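Asks: can't give you the sequence, but here's the structure:
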């Protein structure tokens, strides 16, 4: 097997991240965005120790039950002149991988992924229930971050045709999502099926008006230009919308042109509450955390979750699928109620949602979060909801947890770490602590399995529940309740 070689492969199973897996001789080949049951051609990008990664080129034979993708950008994205639905080759926009599979089948696959990783640790005696579905398989995301750029993604065929004809690659002003693995190349997106109606309507207006504001799109290659990022947020229960434009410096748009255009927004039960502008002058392709300038309205929106009201500031973390997050938190409540805990610790607490949802079940809740701005949001949200038995501290789990537990022994510890899972120092802290009960909330089954292995020396599993917060993707949340042996 050689790099850049094109192979015909039968996709037989899914990997732990939801990518298609095939076998070619004694090689295992990962093919992201390919589905089990498909026969595909794929170009080999990486190879090492009998494992390779390929990029799908074409679907030779679809699955018998394969359905039409809802999004025209799914698969080989349209170049600057193309229209219509894709051919089902998902190399460009990396937001969705499974749009060609029925949603019920997606849930089965997610259960297979979780079971495949946890069953070797747990044996056959522990039940792993079916995945609880998201109320919305489409239109569920309450936050989007898009980028401006001058380089558009091209299919391999179009790219090679331009190279052979010695024609220049197209450059222009584009707005959309990054191609996976490339911060300089965009899929020019006019509509995303994961956007709810409010964000769809707002995005349509912004796409129409931003060329009238002047200034060049930012080039991450040359670090020139003005327009960098566009962030939308929507309160799914309130209909409140936030528009946050992130730019470099060196240009002064007439923002009134934008504000006048936004007056055309007219969608029942929705309103634009926040219009913001921030500057990011660094080279890194991130929105940055500079204090934004308020162009219109207020600097935050609100939403409701599990009967509580939450203010959401521009940089605050809030679960991107509000309705499914409520189902997730109900499962955490269910497991927590079995512990009858008086003192609960909420680790990696973010804006405090889990801790506040559990506040009614405990005498005291302590949240630990490394990002200071998130701690400020958590404190403000607790005050807004009249919750007085929650306190939130800024710092690393491994540093703060032993200090707090020395004063207030833990009955239950909630762990909701970043996608990478627990830092080794944090894991050691938990092992040394030996709290009576843990609830681990994970968005990465591989990291969950890795962290559970040492924990299971001290704890036994009391319950598991996978929940789907990310339809059309291979991602899945899993809640695991543990009790000290």
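Replies: Yep, it's here. Everything numeric here is computed off the predicted structure, so don't read it as measured data.
Asks: quick one, strands of the stretch 101-250 of the chain?
Replies: Along the stretch 101-250 of the chain, counting by DSSP state E, counting those that start in this stretch, strands occupy 143-151, 171-178, 186-188, 227-234, 240-247.
Asks: which strands and helices sit next to the longest one?
Replies: Put plainly, it is strand 143-151. If contacts are counted by 3 or more C-beta pairs under 8 Å, 6 or more residues apart in numbering; DSSP states H and E, strand 143-151 sits against strand 171-178, strand 186-188, strand 227-234. Yep, even glycine has a C-beta here, placed from its N, CA and C like the rest.
Asks: how about the strands of the stretch 101-250 of the chain, which one is nearest residue 270?
Replies: Nearest to residue 270 among the strands of the stretch 101-250 of the chain is strand 240-247 (6.3 Å), distances taken as C-beta to C-beta.
Asks: What strands line up against the closest one, and which way round?
Replies: According to DSSP bridges, strand 240-247 forms sheet pairs with strand 227-234 (antiparallel), strand 271-279 (parallel).
Asks: circling back to that earlier point, nearest to residue 443, of the strands of the stretch 101-250 of the chain?
Replies: strand 143-151 (15.0 Å).
Asks: That closest one pairs with which strands?
Replies: Here, using DSSP bridges, strand 143-151 pairs with strand 171-178 (antiparallel), strand 227-234 (antiparallel).
Asks: Format the helices and strands packed on strand 143-151 as a markdown table; extra columns: distance to residue 483, mean pLDDT and mean neighbour count.
Replies: As requested, the helices and strands packed on strand 143-151 are arranged in a markdown table below (distance: least, C-beta to C-beta, whole Å; pLDDT from 0 to 100; neighbours: other C-beta atoms under 10 Å):
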| stretch | distance to residue 483 | mean pLDDT | mean neighbour count |
| --- | --- | --- | --- |
| strand 171-178 | 43 | 86 | 19 |
| strand 186-188 | 46 | 86 | 23 |
| strand 227-234 | 38 | 96 | 23 |
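Asks: now the ones you listed in TSV, with distance to residue 195?
Replies: Listed next are those as TSV, based on distance: least, C-beta to C-beta, whole Å:
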stretch	distance to residue 195
strand 171-178	12
strand 186-188	15
strand 227-234	8
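Asks: and of those, who's closest to residue 136?
Replies: For residue 136, the closest of these is strand 227-234, at 12.6 Å, according to C-beta to C-beta.
Asks: Okay, helices next: where are they in the stretch 101-250 of the chain?
Replies: 103-122, 156-164, 197-209 (DSSP state H, counting those that start in this stretch).
Asks: What does the nearest residue to residue 208 once chain neighbours are set aside show for phi and psi?
Replies: Computed as C-beta to C-beta, 6 or more residues apart in numbering, the closest residue to residue 208 that is not its neighbour in sequence is residue 261, at 7.1 Å. The phi/psi pair for residue 261 (degrees, to the nearest 10) reads phi -60, psi -30.
Asks: I'd like the strands of the stretch 101-250 of the chain laid out as JSON lines, including distance to residue 47.
Replies: Below are the strands of the stretch 101-250 of the chain laid out as JSON lines (distance: least, C-beta to C-beta, whole Å):
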{"stretch": "strand 143-151", "distance to residue 47": "27"}
{"stretch": "strand 171-178", "distance to residue 47": "25"}
{"stretch": "strand 186-188", "distance to residue 47": "27"}
{"stretch": "strand 227-234", "distance to residue 47": "35"}
{"stretch": "strand 240-247", "distance to residue 47": "38"}
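Asks: that older thread, which of the helices of the stretch 101-250 of the chain has the lowest average pLDDT?
Replies: Of all the helices of the stretch 101-250 of the chain, helix 156-164 carries the lowest average pLDDT, namely a mean of 75.
Asks: Going by neighbour count, list what's buried in that one.
Replies: Across helix 156-164, burial judged by 16 or more other C-beta atoms under 10 Å covers residue 158.
Asks: starting at the chain centroid, how far to it?
Replies: Distance of helix 156-164 from the chain centroid (C-alpha atoms, centre = their mean, to the nearest Å) equals 32 Å.
Asks: coming back round to it: nearest to residue 333 among the strands of the stretch 101-250 of the chain would be which one?
Replies: From those, taking C-beta to C-beta, the stretch that ends up closest is strand 143-151, at 24.0 Å.
Asks: what does the average pLDDT come to for the closest one?
Replies: For strand 143-151, mean pLDDT is 92.
Asks: the domain parsing of the chain - what is it?
Replies: Structural domains annotated on the chain: 1-66, 107-136+317-484, 143-310, as defined by automatic domain parsing.
Asks: part of a strand, is residue 17?
Replies: No - counting by DSSP: H, G, I helix; E, B strand; the rest coil, residue 17 falls outside a strand, being coil.
Asks: In this structure it contacts residue 447, no?
Replies: No - the criterion here is C-beta atoms under 8 Å, and residue 17 misses it with residue 447 at 10.9 Å.
Asks: Please say which of these two ends up with more neighbours.
Replies: Between residue 17 and residue 447, counting by other C-beta atoms under 10 Å, residue 447 is the more crowded of the two (19 against 15).
Asks: now the helices of the stretch 101-250 of the chain in CSV, with distance to residue 236?
Replies: Shown next, in CSV, are these (distance: least, C-beta to C-beta, whole Å):
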stretch, distance to residue 236
helix 103-122, 19
helix 156-164, 38
helix 197-209, 9
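Asks: Can you check which of those gets nearest to residue 256?
Replies: Closest approach to residue 256 among these is made by helix 197-209 (11.1 Å; C-beta to C-beta).
Asks: What are the contacting residues of that closest one?
Replies: By C-beta atoms under 8 Å, 6 or more residues apart in numbering, the residues outside helix 197-209 that reach it are 139, 144, 175, 190-192, 195, 230, 232, 234, 239, 241, 243, 257-258, 261-262, 264-265, 267, 270, 272.
Asks: Look up the closest residue to residue 28, ignoring the ones flanking it.
Replies: Residue 28's closest residue in space is residue 51 (C-beta to C-beta, 6+ apart), at 5.2 Å.
Asks: who touches that neighbour in this structure?
Replies: The contact partners of residue 51, taken as C-beta under 8 Å, 6+ apart, are 27-30.
Asks: Most neighbours among those residues, which one?
Replies: residue 29 (24 neighbours).
Asks: a strand runs through that residue, doesn't it?
Replies: Yes - secondary structure of residue 29 (three-state DSSP): part of a strand.
Asks: Can you read off the pLDDT for it?
Replies: For residue 29, the pLDDT comes out at 96.
Asks: Also residue 81?
Replies: pLDDT, residue 81: 35.
Asks: what's the answer for residue 75, then?
Replies: Per-residue pLDDT puts residue 75 at 62.
Asks: ok, now residue 181?
Replies: Among the per-residue scores, residue 181 holds a pLDDT of 69.
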